[in-house]
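Chemist: I'd like to go over a predicted model; first the sequence, then the structure.
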Amino acid sequence: MEDQKKPQLPMPENGSGAEKKGEMIKREPLSVEEMIHGKGQLPIGRLWIYISEILRTRVFHMPQALTVVTAMVSAHLDLPIALFISAEGGVDAVQFLSDVDNLIPSSMKIEFSKVDPKIFYLDPDMTKEKVVVVYDVDALKSGGKILQMILERGLAVGQRVVTEMGKKKVDSIQIQGPTAVVALLYGDEPNWLNKFPAMRISLEINSAYISAQVEKRLKQIVPDTKLESARIKITRGELENLKPTDVEIPYLHQIMESMDQADPEFIHRLDLIVRLLRIVTIINQAKLLTGGQTYFERFGINEDEIGAILESHDPELAKEYVPAAPPKLIATKVEYYLFYKIAAEIFAKPDDRFTGPQLRVFEAVKNVNLNFIRGSNLFMDENVEEKQIIEVLDAQERLRGWVSEEDILRDVNKVGVRISKSTVDRAIGALLEQGVIVSQRDPTVKYIKYLYRINTLNVGRRMELPHPSTIMDEEYKGKKVTVIDILTGKPETI
């Protein structure tokens with residue numbers, strides 16, 4: 001009987017071995033499919049490939065979907081992140097989150113319809129190393145302060161009443177983290193969430209999204225459910241197998257140089273970038289399960305027991321499975337490339353406090369105000385200061401140069417997906433509350449009508465992250481490398 005061989009990973013096919021010394025053999029270039037499945041030497045980890053391949057068939061907003069994946073595994077890796085997801089009208093945010101949530105093992109998450117503080121006291125470890133998933137951010141309102149404390153400190157301290165020997169007494173209790181949060185946000189962000197330490201992303205609607213949805217419905221493709229189910233099970237198992245690991249980022253100074261260190265949010269943004277980069281690196285450099293590990297996991301035998309079991313049967317084989325402390329990982333330009341593809345757009349947004357419609361309304365007010373000033377030749381200098389613009393607008397008789405809601409509605413709908421009047425109304429209210437625009441009653445009409453002007457030229461700071469091709473790391477040292485774009489599945493050289 002032949003000896004059973006361990007399953008081998010696909011190796012690069014470097015020829016048949018028929019080459020003679022000094023003789024060049026012409027080979028056909030590898031296809032993208034061959035490179036993705038291990039026959040090439042592209043340094044994108046197969047776990048990222050599995051995740052992106054599954055999501056590309058399901059979601060349109062790929063960068064946001066991959067960001068959600070990192071947030072959902074963050075507590076499991078002791079790098080917890082809170083993430084709020086908002087969506088413009090017409091985007092099915094529930095389906096989007098459900099598609100991503102489907103990839104995450106049940107042991108790594110817990111879903112709530114309402115986060116009641118009492119449930120933390122009943123089981124202080126309930127959310128430890130898990131992501132709290134809510135499909136409406138209002139579900140966090142009651143237990144939001146506890147979750148905020150866990151995110152900021154790693155634990156929350158509370159009190160509960162217990163009865164011992166017929167007498168009631170108050171016990172101190174520690175609610176343990178790490179705990180991550182992923183929540184859907186409908187409409188404008190409520191005031192009670194202003195100080196919640198969360199990253200915000202938006203699912204925007206445009207003509208490409210609409211075309212993709214129409215095409216999806218016309219094709220009516222029914223996926224191979226058995227194959228899809230198997231791939232999802234494998235992905236869940238590999239995510240569950242990930243462990244907290246130290247990650248060194250040798251090019252962190254390059255990222256910091258691109259950031260405005262005078263920005264009050266500088267440290268918070270930097271911490272978030274570091275966490276995302278570490279999570280991306282752990283996933284990309286993950287060693288997938290071997291046949292032996294899979295065998296033992298099937299019977300519920302953990303890593304600490306494998307060595308002892310094998311020792312009695314085969315001491316040599318036992319050495320292969322003795323658990324060792326995980327080595328420190330070093331992030332290369334490849335991991336930065338993955339991070340850049342996933343999160344660059346998110347960090348480049350002018351300000352994550354504002355939704356897409358709110359930013360469009362702000363730009364509409366700004367356009368009308370500035371066009372009036374330029375058309376009136378009130379300033380010859382194009383680099384006029386913000387304060388001067390506001391003073392000139394305030395000095396105009398009958399509020400000339402200010403903009404009405406009708407004009408805003410017309411301006412925002414010149415291009416792009418149409419925004420309804422009710423959405424514009426809500427956006428104006430949010431911008432007034434944030435103080436980035438101001439209003440006055442129109443003095444030219446007898447009925448109540450408001451006009452608006454900007455109160456700032458910008459609604460936040462932009463951050464231009466370094467391009468991956470400029471990153472200097474210890475492995476590639478500035479050399480070009482070919483990778484797979486996990487958003488499209490196509491090769492790219494950086």
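Modeler: Right, received. Where do you want to start?
Chemist: from here on, contacts and neighbour counts on C-alpha atoms
Modeler: Fine.
Chemist: which parts of the stretch 1-150 of the chain are strands?
Modeler: 82-87, 109-111, 130-134 (DSSP state E, counting those that start in this stretch).
Chemist: okay, those in a markdown table with mean pLDDT next?
Modeler: Converted to a markdown table, these look like this (pLDDT from 0 to 100):
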| stretch | mean pLDDT |
| --- | --- |
| strand 82-87 | 91 |
| strand 109-111 | 95 |
| strand 130-134 | 95 |
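Chemist: the helices in the stretch 151-300 of the chain, which residues?
Modeler: 207-219, 225-241, 252-257, 266-284, 291-298 (DSSP state H, counting those that start in this stretch).
Chemist: lowest-confidence helix or strand of this protein?
Modeler: One helix or strand of the chain scores below all others by mean pLDDT, DSSP states H and E: helix 32-36, with a mean of 43.
Chemist: just say which of the helices of the stretch 151-300 of the chain is most tucked in.
Modeler: Across the helices of the stretch 151-300 of the chain, averaging neighbours per residue (mean count of other Cα atoms under 10 Å) puts helix 266-284 on top, at a mean of 20.
Chemist: and it, how far out from the chain middle?
Modeler: Distance, stretch centre to chain centre, for helix 266-284: 11 Å (Cα atoms, centre = their mean, to the nearest Å).
Chemist: ok, and what's touching that helix?
Modeler: 44-48, 70, 74, 77, 79, 81, 239, 242, 245, 247-248, 256, 259-260, 329-331, 335-336, 338-339 (Cα atoms under 8 Å, 6 or more residues apart in numbering).
Chemist: and what of stretch 255-262?
Modeler: 266, 270, 463-466.
Chemist: return the distance of Leu329 relative to Val247.
Modeler: According to Cα to Cα, to the nearest Å, Leu329 and Val247 sit 5 Å apart.
Chemist: now do Thr488
Modeler: According to Cα to Cα, Thr488 stands 27 Å off from Val247.
Chemist: same check, this time on Pro117
Modeler: Relative to Val247, Pro117 is positioned 34 Å away (criterion: Cα to Cα).
Chemist: which residues touch the residue nearest to Ile175 when sequence neighbours are not counted?
Modeler: Closest residue in space to Ile175, ignoring its immediate chain neighbours: Pro124 at 4.4 Å, by Cα to Cα, 6 or more residues apart in numbering. Neighbouring residues of Pro124 by Cα under 8 Å, 6+ apart: 173-176.
Chemist: do the same with Glu189
Modeler: Glu189 neighbours (Cα under 8 Å, 6+ apart): none.
Chemist: what domains does the record give for the chain?
Modeler: According to automatic domain parsing, the chain comprises the domains 291-321, 356-454.
Chemist: hey, least reliable of those domains by pLDDT?
Modeler: Lowest mean pLDDT within the domains of the chain: domain 291-321, a mean of 61.
Chemist: still on that earlier bit, which single one of the contacts of stretch 255-262 is nearest to Leu66?
Modeler: Lowest distance from Leu66 to those (Cα to Cα) belongs to Leu465, with 18.2 Å.
Chemist: so that closest one makes contact with Glu345?
Modeler: No: at 9.5 Å, Leu465 does not count as touching Glu345 under the criterion of Cα atoms under 8 Å.
Chemist: compare those two (neighbour count), which wins?
Modeler: Higher neighbour count among Leu465 and Glu345: Leu465, with 18 against 15, using other Cα atoms under 10 Å.
Chemist: pretty sure the more buried one belongs to a strand, no?
Modeler: No: counting by DSSP: H, G, I helix; E, B strand; the rest coil, Leu465 is not part of a strand but coil.
Chemist: spatially nearest residue to it (excluding sequence neighbours)?
Modeler: Ser258 (5.9 Å).
Chemist: kindly provide the distance from that neighbour to Val162.
Modeler: 53 Å.
Chemist: and Leu227, by the same measure?
Modeler: 51 Å.
Chemist: do Lys366 as well
Modeler: For Lys366 relative to Val162 (Cα to Cα), the value is 59 Å.
Chemist: the two - which one has more neighbours?
Modeler: Counted by other Cα under 10 Å, Lys366 and Val162 do not tie: Lys366 has more neighbours, with 22 against 11.
Chemist: bridging residues for the closest residue to the more buried one other than its chain neighbours?
Modeler: Of all residues not flanking Lys366 in the chain, Ile454 sits nearest, at 5.9 Å (Cα to Cα, 6+ apart). Listed beta-bridge partners, Ile454: Ile437 (assigned using DSSP bridges).
Chemist: dump the residue contacts of Ile454.
Modeler: So Ile454 contacts 362, 365-366, 369, 390, 436-438 (Cα under 8 Å, 6+ apart).
Chemist: make a PyMOL selection of the buried ones in the contacts of helix 266-284.
Modeler: Command for PyMOL that selects the buried part of those, burial taken from 16 or more other Cα atoms under 10 Å:
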select buried, resi 44+45+46+47+48+70+74+77+79+81+239+242+245+247+248+259+329+330+331+335+336+338+339
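Chemist: grab the most central residue of the protein for me.
Modeler: Thr67 (2.1 Å; Cα atoms, centre = their mean).
Chemist: for burial, what's the neighbour tally of the residue nearest to that residue when sequence neighbours are not counted?
Modeler: By the measure of Cα to Cα, 6+ apart, the closest residue to Thr67 outside its immediate chain neighbours is Ile342, 6.2 Å from it. The tally of other residues near Ile342 (other Cα under 10 Å) stands at 22.
Chemist: from what I can see Ile342 touches His61, true?
Modeler: No: Ile342 is beyond contact range of His61, at 10.4 Å (criterion: Cα under 8 Å).
Chemist: give me the distance between the residue nearest to the centre of the chain and Val445.
Modeler: For Thr67 relative to Val445 (Cα to Cα), the value is 49 Å.
Chemist: cool, Gly435 as well?
Modeler: 25 Å.
Chemist: ok, those two, which is more surrounded?
Modeler: Set Gly435 next to Val445 and count neighbours by other Cα under 10 Å: Gly435 wins out with 13 against 9.
Chemist: and that one, what does it touch?
Modeler: Asn455.
Chemist: mind running it again at 10 Å?
Modeler: Residues near Gly435 by Cα atoms under 10 Å, 6 or more residues apart in numbering: 429, 454-456, 459.
Chemist: check these and tell me the two furthest apart.
Modeler: Applying Cα to Cα across the contacts of Gly435, the maximum distance is between Gly429 and Thr456, 16.2 Å.
Chemist: would you list every one of the strands in the stretch 301-450 of the chain?
Modeler: Using DSSP E, counting those that start in this stretch, strands in the stretch 301-450 of the chain cover 329-330, 403-404, 437-441, 450-454.
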